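Trainee: 3D, please:
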Amino acid sequence: MNQLGTGISIIGCGSAAPATSLDNQALTHIVETSDEWIASRTGIRERRVASPQESLAQLATEASKNALEMAKIEPQELDLIILATSSADDLFGSAGLIQAKLGATRAVAFDMTAACSGFVFGLVTASQFIRTGTYRNILLIGADILSRWVDWKDRRTCILFGDGAGAVVLQASEKDNLLGFELRSDGAGYHNLQLAYQPQPYEIIPGVDVSQGGYNRITMNGQEIYRFAVKKVPEVIEKALFRANLTSDQIDWLIMHQANQRILDAVAQRMKIEPEKVISNLAHHGNTSAASIPLALDQAVREGKIKAGDVIATAGFGAGLSWGAAIFEWG
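Mentor: As a prediction, the model looks like this:
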């Protein structure tokens with residue numbers, strides 16, 4: 001077993017998205033909007049939406065298989081599987097089912113929830129297991145099917161979200177390629193982005209009530225989330241860069257949570273990062289929550305943009321409120 005201080009390499013990535021595409025023009029039949037209105041305010045042109053027959057576990061498994069294939073790792077070699085999601089198929093968790101679907105019989109598997117920050121929080125969590133020498137090969141998945149929880153009559157939110165999954169394989173290595181990170185939370189802003197439980201009283205016996213409700217639809221204060229992201233995300237990236245002993249001009253690529261193109265542009269401008277270094281797949285996928293960063297990473301790697309040795313700054317932000325950044329070298 002590896003000893004304390006073991007380094008981390010990210011050696012493979014993969015992604016998956018539902019087959020069905022829903023473009024902005026289609027949304028005009030549901031709510032009062034237009035393609036120009038949505039695109040100019042968000043950068044989104046279309047998004048993928050899962051059918052009733054498609055599950056989160058299926059998308060996550062497909063993304064994972066692609067990542068394992070790139071990493072040249074067999075499922076049986078995995079020690080740990082972390083699924084970052086806010087929309088598991090089962091409230092008790094979906095990581096175990098993914099483990100079974102992959103045949104990763106040796107791996108411990110669990111879900112973690114940090115909404116749109118989930119992948120970055122998961123990356124940092126996974127790294128601790130490797131650095132302490134506990135595990136050698138870890139599969140980290142970010143996946144969400146938020147179309148299940150969107151209010152399709154609310155034009156403030158239904159235009160934003162799409163479904164998808166992305167995955168990376170982390171492996172113990174001599175060199176540590178996770179260069180720095182910073183995580184933050186502020187529960188005082190919790191109410192600005194919610195997918196809240198809606199209690200319904202149920203009387204078991206006279207005088208004893210329990211709650212038997214379900215979950216509401218996504219609600220969001222878009223202006224507050226925008227202000228929060230534009231202010232806090234550059235700060236947390238700067239902090240992670242400081243820990244990595246790097247400056248923003250040494251970044252090869254910036255991959256942020258794909259929430260809104262205006263946020264991506266504003267953060268890059270504030271940090272004086274050239275637009276051509278900003279990875280964006282918003283136009284075709286929308287906001288896929290915990291899936292957005294690994295999905296965008298995988299597409300950029302497979303397109304040949306990102307190459308071994310490139311320094312990537314990544315940042316997630318969203319409900320909680322939670323936000324975080326990690327700096328790593330690819331490959």
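Trainee: any idea what sits nearest Ala315, other than its immediate chain neighbours?
Mentor: Distance criterion CB to CB, 6 or more residues apart in numbering; nearest residue to Ala315, sequence neighbours excluded, is Ala325 at 4.2 Å. From N, CA and C alone the C-beta is placed, and that goes for glycine too.
Trainee: what helices or strands is the helix or strand containing Ala57 leaning on?
Mentor: Assigned by DSSP states H and E, Ala57 belongs to helix 56-71. Applying 3 or more CB pairs under 8 Å, 6 or more residues apart in numbering; DSSP states H and E, one finds that helix 56-71 contacts strand 7-16, helix 95-102, strand 137-145, strand 163-173, helix 292-302.
Trainee: State the mean pLDDT of the last one.
Mentor: The reference is to helix 292-302. Confidence for helix 292-302, expressed as mean pLDDT, is 98.
Trainee: by contact count, what packs against that helix?
Mentor: Using 3+ CB pairs under 8 Å, 6+ apart, helix 292-302 sits against strand 7-16, helix 56-71, helix 118-131, strand 137-145, strand 163-173, strand 253-256, strand 311-318.
Trainee: Please list the outside residues in contact with the helix holding Ala57.
Mentor: 11-18, 50, 74-75, 78, 81, 83, 85, 87-89, 94, 97-98, 101-102, 139, 141, 143-145, 163-169, 171, 291, 294-295, 298 (CB atoms under 8 Å, 6 or more residues apart in numbering).
Trainee: Longest helix in the protein, by number of residues?
Mentor: As assigned by DSSP state H, the longest helix anywhere in the chain is helix 222-244.
Trainee: give me the beta-bridge partners of Gly166?
Mentor: Ser15, Gly142 (DSSP bridges).
Trainee: so it touches Ile141, yeah?
Mentor: Yes - assessed by CB atoms under 8 Å, Gly166 is found in contact with Ile141 at 7.3 Å.
Trainee: what do the two both touch?
Mentor: Applying CB under 8 Å, 6+ apart, one finds that Gly166 and Ile141 are jointly contacted by Ala63, Pro294.
Trainee: OK, contacts around Met271?
Mentor: Pro234, Ile237, Glu238, Ser248, Leu254.
Trainee: oh sorry, the question was meant for Ala268
Mentor: Leu254, Glu274, Pro275, Lys277, Val278.
Trainee: Now a PyMOL select for only the buried ones of those residues.
Mentor: Those of these that count as buried under 16 or more other CB atoms under 10 Å are selected in PyMOL with:
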select buried, resi 254+277+278
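Trainee: Could you dump the contacts of Ala268 into TSV and include secondary structure, distance to Gly316 and pLDDT?
Mentor: Shown next, in TSV, are the contacts of Ala268 (DSSP: H, G, I helix; E, B strand; the rest coil; distance: CB to CB, whole Å; pLDDT from 0 to 100):
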residue	secondary structure	distance to Gly316	pLDDT
Leu254	strand	13	98
Glu274	coil	22	95
Pro275	helix	20	94
Lys277	helix	18	97
Val278	strand	15	97
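Trainee: Need the max-distance pair from the contacts of Met271.
Mentor: For the contacts of Met271, the maximum inter-member distance is 12.3 Å, found between Glu238 and Leu254 (CB to CB).
Trainee: Buried residues, stretch 15-33. List them.
Mentor: Those would be Ser15, Ala16, Ala17, Pro18, Leu22, Asn24, Leu27, Thr33, for stretch 15-33 by 16+ other CB under 10 Å.
Trainee: and what of stretch 147-159?
Mentor: So stretch 147-159, judged by 16+ other CB under 10 Å, has buried residues Ser147, Arg148, Trp149, Val150, Arg155, Thr157, Cys158, Ile159.
Trainee: what about the closest residue to Gln261 other than its chain neighbours, how many neighbours?
Mentor: Ranked by CB to CB, 6+ apart and with sequence neighbours excluded, the top spatial neighbour of Gln261 is Gly43, at 2.5 Å. Close neighbours of Gly43, defined as other CB atoms under 10 Å, add up to 19.
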